[in-house]
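S.K.: Sequence plus the predicted model coming up.
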Amino acid sequence: MKLKHLLTLVAACSIAVPAFTRAEDDTPMGKEMDKISKALKAVNRNIEDAGQKAANLGNIAAAKAACDAAVKYDPVKTKDIPTAGKEKFLIDFQASMSELGKHLDALKAAIEAGKTADAKAIYEKIMAQKKDGHNKFKAD
């Protein structure tokens, strides 16, 4: 009988945890960030394929549009920031998104020029910025 209760508890927790972790992803900004992530993953898969240049440029354009849309929203974590630090937090977030936009422009230029090594290096910068940005701006 106790095993049945334990299994019920484990099942309930496994349902609740994914729902909790998706809460931030269900926000308008979370949806835009998801678009950026999916577009960049597609670019990374095809970054060395010159035949995918048009698709890569389309994905970069989609990522750039989502970046421009996402910057209009405040991160969920903003509500956890003390009032005194909120303005700086939002300025830092907007600066980070602006930097992402510049990296996306550079990635576009590298792909247009057929500079695969440069494109890979820029992609790695974007992934490092993503990790740093999530540490700073994404709710725990």
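M.R.: Good, I have the coordinates. Numbers count the residues shown, from 1 in each chain.
S.K.: neighbours of Val71, just the number please.
M.R.: Burial of Val71 is recorded as 18 neighbouring residues (other Cβ atoms under 10 Å). Every residue, glycine included, has its C-beta placed from N, CA and C.
S.K.: Now do the contacts for it.
M.R.: Counting by Cβ atoms under 8 Å, 6 or more residues apart in numbering, Val71 touches Phe93, Gln94, Met97, Ser98.
S.K.: Below-threshold pLDDT in this structure: ranges please.
M.R.: By pLDDT under 70, the weakly predicted segments of the chain are 1-25.
S.K.: With adjacent residues omitted, what lies nearest to the residue sitting nearest the centre point of the chain?
M.R.: In the chain, the centroid-proximal residue (Cα atoms, centre = their mean) is Met33; its distance is 4.2 Å. Closest residue to Met33 apart from its sequence neighbours, by Cβ to Cβ, 6 or more residues apart in numbering: Ala70 at 5.8 Å.
S.K.: circling back to that earlier point, residues making contact with the helix or strand encompassing the residue nearest to the centre of the chain?
M.R.: Using DSSP states H and E, Met33 sits in helix 28-46. Contact with helix 28-46 is made by 24-25, 52, 55-56, 59-60, 62-63, 65-67, 69-70, 73-76, 100, 107, 111, 123, 126, 130, as judged by Cβ under 8 Å, 6+ apart.
S.K.: Longest helix in this structure, by number of residues?
M.R.: Ordering each helix of the chain by length in residues (DSSP state H) puts helix 83-112 first.
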